[in-house]
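S.K.: Pasting a predicted model and its sequence here:
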Amino acid sequence: MSALAFEGFLSTPEMIEVFGEHSLIQAMMDFEAALAHAQAAVGVIPQGAASAIGGVCKVELYDVQAIIAASGRAGSLAIPLVRKLTETVALFDAEAARYVHWGSTSQDVIDTAMVLVTRKALGLIERNLDALIAALFDLAEREGDTPLLAHTLMQPAQVVSFGFKLAAWLAPLVRARQRLREVARTALQLQLGGPVGTLSVMGDKGMVVAARMAHELQLRVPVASWHTQRDEWVLLGCQVGVLCGSLGKLARDLSLMAQGEVGELAEPSDAGRGGSSAMPHKRNPVAAMVALAAALRAPQRVAALLAAMPQEHERGLGNWQAELAEWAGLFISADGAAKALAEAAAGLHVDTQRMRENIERMQGLVHAEAVATKLAAKLGKASAHAVVQAWSHRAVKERGHLRDIALAALAEDPALAGAATRQEIDSLFDADAAAVAAKREARRQLDTLRAQWQAGKLQGESS
């Protein structure tokens, strides 16, 4: 029970329900009903049998917990489900019961059910991802031109803009949305092969049955059964893992910028959100926490999917089962992260004054490259770099400002005469001027990303 509580804490009720027991069992029932309908349509089983089978493929008619409890001993969730389905059909039509699960196998029903619930899961992720992307674009419109201190190797680097940071967060999310749709088009396919993948029980009507089933379930018709060919399916899982990593990148930056000493961003502080049981002043970045937890767990789940791919012959022993057990966790983590960050981004507090103050607190050191570039016209690149490096070391040691040290040196050193005027030096330490290139690049990237995102949404609505 405690494990379930902690899983739910990092996800959403909607996603937990998608992969819940009742949802999965109903998806398996949907497979059995579609199988019977398709087989009856082409004369593989009687029409009356299909009607009898389809009429009782409703999860509410069954003891789900009893089916799950029996699956461990049986070695497959499909075995007790098919047995109970057969018994229920027999209550109304003993002859029809003979045709339950006709020509199919356990992996057919389980794989297809997983495809069906995964399609729902992808819809939830896309919804929350779109909300997050929209909120980040809104932030860029409102606050994107604000100068911001960039960091490399966790150290202050140069001045960029907040919009430049937002573009770096948005780009992998827009790409992830597009890639998930592309990979899903091939991964969301019917599984139907029978015992060894030949559909031998259905004679020459096997692929016709598959086509009819796929149409009813709105899935892609597979070229053949993919019982141990897991590449297209696992690729979808890998893309979800990549999304978790991209959400984690955003969350890592957000958590660093929300540190009290930095104070550039803060998550919403609604009642009961992000508090501490001991410290009344705390404003914890709980959305970032959820996303970072997802990014931490995803690599192991993706690794398990990849490790399970070398499956034996025509049916895997243990590896397919391991894949099933890991699959839901990826989607549960990704959706929890996307929703948490979407809610945070929609109410994110941006302290633009603090962003400027943090630049100023660097004693002008983040403008050192600009100063060196200006001096290079007279001194040459290497000499200019050495001179400004010495000034920077002095600024740190004396806790002075690089601008003041530069102006004093230019006035006192004859070798630097004419290298730059006071006005030119002053302009090099203007945060807004320093952010011009980043603003320009951010606008270019954001315009492209917005167009890609909107095109993807329109494509999704029309498909």
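M.R.: Cool, the structure landed.

S.K.: for the stretch 301-450 of the chain, what spans make up the helices?
M.R.: 319-346, 352-360, 368-379, 381-398, 402-412, 422-428, 431-434, 436-462 (DSSP state H, counting those that start in this stretch).

S.K.: wait, which of the ones you listed is closest to residue 167?
M.R.: helix 436-462 (4.1 Å; Cβ to Cβ). C-betas here are computed from N, CA, C, even on glycine.

S.K.: highest average neighbour count across the helices of the stretch 301-450 of the chain?
M.R.: helix 319-346 (a mean of 23; mean count of other Cβ atoms under 10 Å).

S.K.: helices or strands next to it in the packing?
M.R.: Contacting helix 319-346 under the criterion 3 or more Cβ pairs under 8 Å, 6 or more residues apart in numbering; DSSP states H and E are the following elements: helix 13-18, helix 106-143, helix 231-257, helix 286-307.

S.K.: which one of those helices lies closest to residue 459?
M.R.: Nearest to residue 459, of the helices and strands packed on helix 319-346 and by Cβ to Cβ, is helix 106-143 at 12.0 Å.

S.K.: got the angle between that closest one and helix 286-307?
M.R.: Put simply, helix 106-143 runs at 150 degrees to helix 286-307, going by axes from the mean of the first three to the mean of the last three Cα atoms, to 10 degrees.

S.K.: Show me which residues of helix 106-143 are buried.
M.R.: Buried residues in helix 106-143, defined by neighbour count with 16 or more other Cβ atoms under 10 Å: 106-122, 124-126, 128-137, 139-140, 143.

S.K.: hang on, the earlier thing: how about the helices of the stretch 301-450 of the chain in a markdown table, adding distance to residue 59 and mean pLDDT?
M.R.: A markdown table is the format used below for these (distance: least, Cβ to Cβ, whole Å; pLDDT from 0 to 100):
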| stretch | distance to residue 59 | mean pLDDT |
| --- | --- | --- |
| helix 319-346 | 18 | 97 |
| helix 352-360 | 53 | 98 |
| helix 368-379 | 64 | 94 |
| helix 381-398 | 68 | 96 |
| helix 402-412 | 70 | 94 |
| helix 422-428 | 69 | 94 |
| helix 431-434 | 61 | 96 |
| helix 436-462 | 29 | 93 |
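
S.K.: Counting neighbours, show which residues of stretch 222-230 come out buried.
M.R.: 222, 225-228, 230.

S.K.: Next, the distance between the ends of it.
M.R.: 12 Å (Cα to Cα, to the nearest Å).

S.K.: close enough to count as contact, residue 48 and residue 93?
M.R.: Yes. If you go by Cβ atoms under 8 Å, residue 48 and residue 93 touch, sitting 7.0 Å apart.

S.K.: State the distance spanning the first to the last residue of stretch 70-86.
M.R.: OK, stretch 70-86 end separation, Cα to Cα: 15 Å.

S.K.: ok, residue 170 touching residue 132?
M.R.: No. With contact defined as Cβ under 8 Å, residue 170 does not reach residue 132; the gap is 9.1 Å.

S.K.: Next, the contact list for residue 115, please.
M.R.: 187-191, 219 (Cβ atoms under 8 Å, 6 or more residues apart in numbering).

S.K.: do you know which of the helices and strands packed on helix 319-346 lies nearest residue 319?
M.R.: helix 286-307 (7.6 Å).

S.K.: Quick one: mean pLDDT for the closest one?
M.R.: For helix 286-307, the per-residue pLDDT values average out at 97.

S.K.: That one vs helix 231-257, what angle?
M.R.: 150 degrees.

S.K.: Could you tell me the per-residue confidence at residue 276?
M.R.: Value listed for residue 276 in the pLDDT field: 42.

S.K.: for residue 7, same thing?
M.R.: pLDDT, read off for residue 7, is 80.

S.K.: I'd like to know how far it sits from residue 182.
M.R.: 29 Å (Cβ to Cβ, to the nearest Å).

S.K.: Likewise for residue 87?
M.R.: 43 Å.

S.K.: Can you tell me how far the residue nearest to residue 329 when sequence neighbours are not counted is from residue 240?
M.R.: Excluding its sequence neighbours, the residue lying closest to residue 329 (Cβ to Cβ, 6 or more residues apart in numbering) is residue 301, at 5.3 Å. Distance of residue 301 to residue 240, given as Cβ to Cβ: 9 Å.

S.K.: so what sits against both of those two?
M.R.: Common neighbours of residue 301 and residue 240 (Cβ under 8 Å, 6+ apart) are residue 330.

S.K.: between the two, which one's more packed in?
M.R.: Under the neighbour definition other Cβ atoms under 10 Å, residue 301 and residue 240 were set side by side, and residue 240 has more, 27 against 22.

S.K.: you'd agree the more buried one is up against residue 180?
M.R.: Yes. Using Cβ under 8 Å, residue 240 is in contact with residue 180, at 7.3 Å.

S.K.: Quickly list what's touching both of the two.
M.R.: With Cβ under 8 Å, 6+ apart as the test, residue 240 and residue 180 both reach residue 125.

S.K.: what about the helices in the stretch 51-200 of the chain?
M.R.: 64-74, 78-92, 106-143, 162-187.

S.K.: domain parsing for the chain?
M.R.: 1-104+192-222, 106-189+226-361+431-463, 365-428 (automatic domain parsing).

S.K.: With distance to residue 30 as new columns, can the helices of the stretch 301-450 of the chain be given to me in TSV?
M.R.: Output for the helices of the stretch 301-450 of the chain, formatted as TSV (distance: least, Cβ to Cβ, whole Å):
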stretch	distance to residue 30
helix 319-346	18
helix 352-360	52
helix 368-379	62
helix 381-398	67
helix 402-412	68
helix 422-428	67
helix 431-434	59
helix 436-462	23
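
S.K.: Compare these and give me the one nearest residue 100.
M.R.: Nearest of the helices of the stretch 301-450 of the chain (Cβ to Cβ): helix 319-346, 22.5 Å.

S.K.: Low-confidence stretches in the stretch 1-150 of the chain?
M.R.: 1-4 (pLDDT under 70).

S.K.: try 90 this time
M.R.: Residues of the stretch 1-150 of the chain meeting the criterion pLDDT under 90: 1-11.

S.K.: Give me the residues contacting stretch 37-48.
M.R.: 36, 49-51, 54, 93, 95-96, 99, 102-103, 202-203, 205, 208-210, 212-213, 216.

S.K.: same thing but 10 Å
M.R.: If you take Cβ atoms under 10 Å, 6 or more residues apart in numbering as the criterion, stretch 37-48 is touched by 35-36, 49-54, 57, 93, 95-96, 98-100, 102-104, 192, 201-203, 205-206, 208-217.

S.K.: what's the answer for stretch 426-438, then?
M.R.: So stretch 426-438 is contacted by 144-150, 158-165, 167, 355-356, 359-360, 364, 366-374, 401-404, 406-407, 420-421, 439, 442 (Cβ under 10 Å, 6+ apart).

S.K.: If we use 6 Å, what do you get?
M.R.: Outside stretch 426-438, the residues within contact range by Cβ atoms under 6 Å, 6 or more residues apart in numbering are 147, 159-161, 164, 359, 364, 367, 370-371, 403.

S.K.: returning to what we had before: my read: the residue nearest to residue 329 touches residue 328, true?
M.R.: No. Counting by Cβ atoms under 6 Å, residue 301 sits too far from residue 328 to count as a contact (9.4 Å).
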